[in-house]
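K.L.:
sequence and predicted structure, then a few things I'm wondering about:
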There are 4 protein chains.
Amino acid sequence: MPAPSESEVRGYLKTLSNWGRWGSEDELGTINLITPAKRQAAARLVSHGQSVTCARPITTDITPDTTVQPMRFMVDSGEGRDTVSPERALQRRGAAEFIGMVFHGYTITHVDAPSHYFWEGQLYNGRSCNTVTSREGATVNSVEVLRDGVVSRGVLLDVARTRGVRWLEGGSGVMPEDLEAAERAAGVRVEPGDILLVRTGYYGRRLAEGPVHPLQAMIGTDTHNDVHPAPYPSMGNSFHVVCLVAMGLWLIDNANLEDLAQTAARLSRWEFLMTVAPLRLKNVTGSPVNPIAVF
Amino acid sequence: MPAPSESEVRGYLKTLSNWGRWGSEDELGTINLITPAKRQAAARLVSHGQSVTCARPITTDITPDTTVQPMRFMVDSGEGRDTVSPERALQRRGAAEFIGMVFHGYTITHVDAPSHYFWEGQLYNGRSCNTVTSREGATVNSVEVLRDGVVSRGVLLDVARTRGVRWLEGGSGVMPEDLEAAERAAGVRVEPGDILLVRTGYYGRRLAEGPVHPLQAMIGTDTHNDVHPAPYPSMGNSFHVVCLVAMGLWLIDNANLEDLAQTAARLSRWEFLMTVAPLRLKNVTGSPVNPIAVF
Amino acid sequence: MPAPSESEVRGYLKTLSNWGRWGSEDELGTINLITPAKRQAAARLVSHGQSVTCARPITTDITPDTTVQPMRFMVDSGEGRDTVSPERALQRRGAAEFIGMVFHGYTITHVDAPSHYFWEGQLYNGRSCNTVTSREGATVNSVEVLRDGVVSRGVLLDVARTRGVRWLEGGSGVMPEDLEAAERAAGVRVEPGDILLVRTGYYGRRLAEGPVHPLQAMIGTDTHNDVHPAPYPSMGNSFHVVCLVAMGLWLIDNANLEDLAQTAARLSRWEFLMTVAPLRLKNVTGSPVNPIAVF
Amino acid sequence: MPAPSESEVRGYLKTLSNWGRWGSEDELGTINLITPAKRQAAARLVSHGQSVTCARPITTDITPDTTVQPMRFMVDSGEGRDTVSPERALQRRGAAEFIGMVFHGYTITHVDAPSHYFWEGQLYNGRSCNTVTSREGATVNSVEVLRDGVVSRGVLLDVARTRGVRWLEGGSGVMPEDLEAAERAAGVRVEPGDILLVRTGYYGRRLAEGPVHPLQAMIGTDTHNDVHPAPYPSMGNSFHVVCLVAMGLWLIDNANLEDLAQTAARLSRWEFLMTVAPLRLKNVTGSPVNPIAVF
């Protein structure tokens, strides 16, 4: 099946739109699909008691795909505290650091809130792009609306594994038939309210071969991110537009699905309890996260 | 029961020590007590499918208990993107921000790794304080060792509720008989591997009356933090020393247990599935977190 | 003489405008008035060989007039480097820090570039406010255009001294007759191309009594800043508008004129060689500075 | 003349030492050599009235010689302020930014204070390296002691020009006979209290060919920095040690002497009035600067 044409993709902005579906004030978007019953069922999936990270480490290294270097500066350290006077040792007993980052980009596992993206001057649910200001930040659709976390069934569709490759090559998108094949291979069906993790093997490739810039295409996410180079130049990152703006579908960018895929294969389980817990950052367009799967 | 004397507390450094218990290389400390069976049992506690945050919002406000102001600076915003040229709109479709913080302190919900604290020149398990350097950071006992998250049974002991007060007054510590009374009131027993949350009502008071500096005493945590003013001046924050250094017992500082306490009371359930997912920060002494309870 | 009315001040936007005076591409504004001959004459004023700062210290303290806390985080320190191994001592020989600040505000001595302010959608010389973007910064009228520094005659008009008070009270502006009286007292006349420093004693008061928020009114600057509370509510900081937008007149905010005033009084000299050397910050709306007067 | 041997260089630590020369409390080091008479004479050198920067631009680019990426984040911008409501336009009239940097390193023109470097556990004048702490910063020998700026005669010794090359090749140090040849070519003699600028052409090469990492060797400074690769491995950056620790001789790292050299050649003048005005950063080991030469 060929990739959809640009006019088909532009059509998705209308056919997949969730604007108004959960009311004109809604900021949760597709998170509305996660019901208490869904969370209960997700918890019942836990049978091995094993937890696995879906996040990459955050380091201060500069790599070819760094846009803004993460920072870690100590505001106090332990050096020499074994040879100082007892008074000084009592006064300075702890180590602490400043951490800082632009989590959006290509290296840090993070959640995208709908306030992260706009199209023709609008955010999800028809709000104006002027609600995200340079001074006040994301005055609507901030990640803060996910304060109680996202707890639901996680489903891993391991497209690389299903295709029998270590990783997908750049420029090749994940097509619906890939997802269906991965579903069949895993014996699961994606259902409303699931947290979908699609593995292309990109991060495994990055670990093996180092970063390639730009790389936004091949990243496993809760759905997917975007093909690079962008196949629809006049739309930019078209899946971000469709998901974040039209659907109110939150994204996890830059996940690490390598550990998860190994555990899933070992246990022959591609569904699990998933918890994503964004920081409660006021007026912010997303959050760095460490999504946890429990088998 | 009176508070223990300083010499009793100093005795805890020996009697409660876990140094060597899980081997000389261990960095996990009491996290070792969480077994797969423990996680399975925790997941079976989910019966209502409701999730609740235990984190406070993170804002850039300066309050009397601010030590280092958190930062949020936009690296791109949406302002005026509805009136720019189509080319510019395509080029700048997304909003993003830099976030930065010193999460240690009195306002941000965070995990303390054992590398955060030392006593007489040593960290947990006998490591030298010189392993936490001003350049490289926490080269041992970094929060990174919790990469797979902490998933276990959470137990809320609501001491304020058990005492019949809105919040405990400053200067009064939580004593063992308080915990036992709260256990009896809740009909639960704290067991090995639990994530213990002790509510003093401090954060409720802060919401109602504003911050009081210093305030480290009254904070509900997975155990507790420290009484203020420090009752053992020559030990400083003695519970941090006992927990982090001697026991390898990780702490959650500055939790928000108000929402949790209300949900627990409404459902008459003081045990639940708990997920704490620190960011995978390399060589860092803790992490901001949003701990999630699921009932 | 009473303060001018709002309509008079709005009139200044036209009568004092320098738009087009130095060409439609000009970014220097009134700096154009400083000629080589002016700099030569300024250098000839040096007769005592004494240099004096006009800057305040920059600290990380939070004060009532802090808007964004300045940061200083060590990226390496010297602690314990006297007891480490020779290899480690060789590897880590130096101390260094990260410094960060929002220099605009009420506490840091800094230069305002014309890109710092706009009025009815325009900057100095008729440029659009959209040239100062949240992503790229000040794409025009950046402080970088002062790369070769500002070297000219400095003139101190000590209004507080002339009025015989330690400092002017809040709410009272500096009027033309104040400047004329100070000129007469000092025996100098302000001339084109001078760097004018007007002392109200505000900083001396802040040193003596602590900061008062807000305090933008009483600050000695190269002209002056603004009266607080703003006498023309619909204009905001009207002098910033008149100076930066209409005149292209660069400002020094939050100068420290206490040391300068003492030296000037002691030497009975109110003119001197002045050097202001902004950092060469690309696309930035000003710079922290340490202006140096030489008598 | 061959490069000095390591034992000769180690000997300089004694023979060139200024410890105690200006008293045991001294923090100024060789700045003590700049007298009022020296400043007066420097001012008399101004005959053309032309000012020239000796700083490089500061950008947020990541280059091969970046160690920590400089930051510029807008805290307010002008975008869309021409189409907002009048109320909003009045409320948000100004643009501002956060700037942050680790000025030490290979790209930003900056001053090194003696607190930046230590040798065998000691700073200039015999102070302990433990006076530069991870929490409090440089509690002695902070750049703050230069609060009144450094104003003196600047002398440019253009070694590249004297040797007849565009720039010196890496690995080749500047030897005393180079300086003497440059003195003869320029018709000047370096004297006590001068600010010496030695041009190797490194920055011109960086502009022409891009950065080469590491590059610390070839940088024109007020003396010079260090040869790379370090010829005395057991001493590290030996000139930093000799200058900062033994001599209390402040350094300007990463100067831009290209504009200066062109002006000097055009005017046939290699001496000029020099003003270096470090920011008044409390407890900091140096400062970014824009040194200004006036001919």
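P.N.:
Everything's here; your move. Numbering: from 1, shown residues only, chains lettered A, B, ... in the order given.

K.L.:
helices of the stretch 51-200 of chain A, residue ranges please.
P.N.:
A:86-91, A:159-163, A:176-186 (DSSP state H, counting those that start in this stretch).

K.L.:
just give me how far the first one sits from the chain centre.
P.N.:
Taking CA atoms, centre = their mean, to the nearest Å, the mean C-alpha location of helix A:86-91 is offset from the chain mean by 44 Å.

K.L.:
give me the contacts around that helix.
P.N.:
Residues outside helix A:86-91 that contact it (CB atoms under 8 Å, 6 or more residues apart in numbering or on different chains) are A:81, B:120, B:121, B:234, B:235, B:236. For the C-beta atoms, the positions are set from N, CA and C on the backbone; glycine is no exception.

K.L.:
which of those residues sits closest to residue C:139?
P.N.:
Nearest to residue C:139 among the contacts of helix A:86-91: residue A:81, at 47.9 Å, using CB to CB.

K.L.:
that closest one: neighbour count?
P.N.:
Residue A:81 has 26 neighbouring residues, counting by other CB atoms under 10 Å in any protein chain shown.

K.L.:
could I get the helices of the stretch 51-200 of chain A as TSV with mean neighbour count and mean pLDDT?
P.N.:
TSV is the format used below for these (neighbours: other CB atoms under 10 Å in any protein chain shown; pLDDT from 0 to 100):
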stretch	mean neighbour count	mean pLDDT
helix A:86-91	13	86
helix A:159-163	20	90
helix A:176-186	16	90
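
K.L.:
among the contacts of helix A:86-91, which one sits closest to chain C?
P.N.:
Checking those against chain C with CB to the nearest CB, the nearest one is residue A:81 at 7.5 Å.

K.L.:
and that closest one, how far from residue B:108?
P.N.:
24 Å (CB to CB, to the nearest Å).

K.L.:
three-state assignment of residue A:9?
P.N.:
The three-state label given to residue A:9 by DSSP: H, G, I helix; E, B strand; the rest coil is helix.

K.L.:
isn't it right up against residue A:235?
P.N.:
Yes - Residue A:9 is in contact with residue A:235 according to CB atoms under 8 Å; the separation is 6.5 Å.

K.L.:
okay, the two: which has more neighbours?
P.N.:
residue A:235 (20 against 17).

K.L.:
the more buried one in helix, strand or coil?
P.N.:
coil.

K.L.:
surely it and residue A:8 touch.
P.N.:
No - look at residue A:235 against residue A:8 with CB under 8 Å: they stay out of range, at 11.4 Å.

K.L.:
can you list the residues of the stretch 151-295 of chain A near chain D?
P.N.:
For the stretch 151-295 of chain A, no residue is in contact with chain D (CB under 8 Å from any CB of the partner chain).

K.L.:
show me where the stretch 151-295 of chain A dips below the pLDDT cut-off.
P.N.:
A:170-172, A:211-231, A:233, A:236 (pLDDT under 70).

K.L.:
which residues in it form strands?
P.N.:
A:195-199, A:251-253, A:271-276, A:286-288, A:292-294 (DSSP state E, counting those that start in this stretch).

K.L.:
and the contacts of the first one?
P.N.:
Okay, so that is strand A:195-199. Surrounding strand A:195-199, the residues in contact under the criterion CB under 8 Å, 6+ apart are A:54, A:150, A:152-161, A:174, A:179, A:182, A:190, A:220-224, A:252, A:255, A:257, A:260-261, A:274, A:276, A:291.

K.L.:
any chance of JSON lines for the helices of the stretch 51-200 of chain A, columns distance to residue C:66?
P.N.:
Putting the helices of the stretch 51-200 of chain A into JSON lines (distance: least, CB to CB, whole Å) gives the following:
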{"stretch": "helix A:86-91", "distance to residue C:66": "25"}
{"stretch": "helix A:159-163", "distance to residue C:66": "51"}
{"stretch": "helix A:176-186", "distance to residue C:66": "52"}
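
K.L.:
what distance do you get for residue A:40 to residue C:253?
P.N.:
59 Å.

K.L.:
neighbour-wise, which of the two wins?
P.N.:
Ranked by neighbour count (other CB under 10 Å), residue A:40 and residue C:253 place residue C:253 first, with 26 against 16.

K.L.:
residue D:99: which of the helices of the stretch 51-200 of chain A is closest?
P.N.:
Nearest of these (CB to CB): helix A:86-91, 31.9 Å.

K.L.:
residue in the stretch 51-200 of chain A with the shortest distance to chain C?
P.N.:
residue A:80 (2.5 Å).

K.L.:
much appreciated, bye for now.
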